[in-house]
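> coords below, sequence missing:
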């Protein structure tokens, strides 16, 4: 647990004064800002993956942004309009080896509404993703946890989730 986070009990963590279910994907700092600056997934086919993520992330309010050439491998970035952080990237791996998905790894995207969860999952299914769990309430995670699960065309597991506290992120 990071600074300001204390374990509170079975399935619950207090972070920055906000109480979140332990499986919730949106952890925040003490000031309420997103905890993560950026997430990078390796890609074997950047163009195919970019088309997938353009379609899937649009219902969540994320847009593709310009990436400055920093001498690293080719890639693409998405973020919320007008915000620098957090960022989501796909790119060829730095080490030159083929990208692979991580067993036990999942990237969970906060959604502004249940409809956005539905739309993100439907876009994934229409653009080469595979189903890992249709949209719906998952009260065993939290009373208002509405999520959907899929894999992108290269096998990375994704989650789209909406819960009450997440509305403040948008």
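That came through, no problem. Quantities reported herein were computed from a predicted structural model and do not represent experimental measurements.
> Next, the buried residues of stretch 98-117.
99, 108, 109, 110, 111, 112, 113, 114, 116, 117 (16 or more other CB atoms under 10 Å). From N, CA and C alone the C-beta is placed, and that goes for glycine too.
> Bridged to the third one, which residues?
Looking back up the chat, that one is residue 109. residue 160 (DSSP bridges).
> Tell me how far it lies from residue 160.
For residue 109, the distance to residue 160 equals 5 Å [CB to CB, to the nearest Å].
> any chance you could map the helices in this protein?
Using DSSP state H, the helices of the chain run over residues 46-57, 114-126.
> Kindly state the pLDDT recorded for residue 113?
Turning to residue 113, the model gives it a pLDDT of 95.
> Let me know whether it touches residue 163 as I believe.
No - the criterion here is CB atoms under 8 Å, and residue 113 misses it with residue 163 at 10.9 Å.
> what about the closest residue to residue 73 other than its chain neighbours, neighbour count?
Residue nearest to residue 73 in three dimensions, not counting chain neighbours: residue 92, with 3.8 Å by CB to CB, 6 or more residues apart in numbering. Counted with other CB atoms under 10 Å, the neighbours of residue 92 add up to 18.
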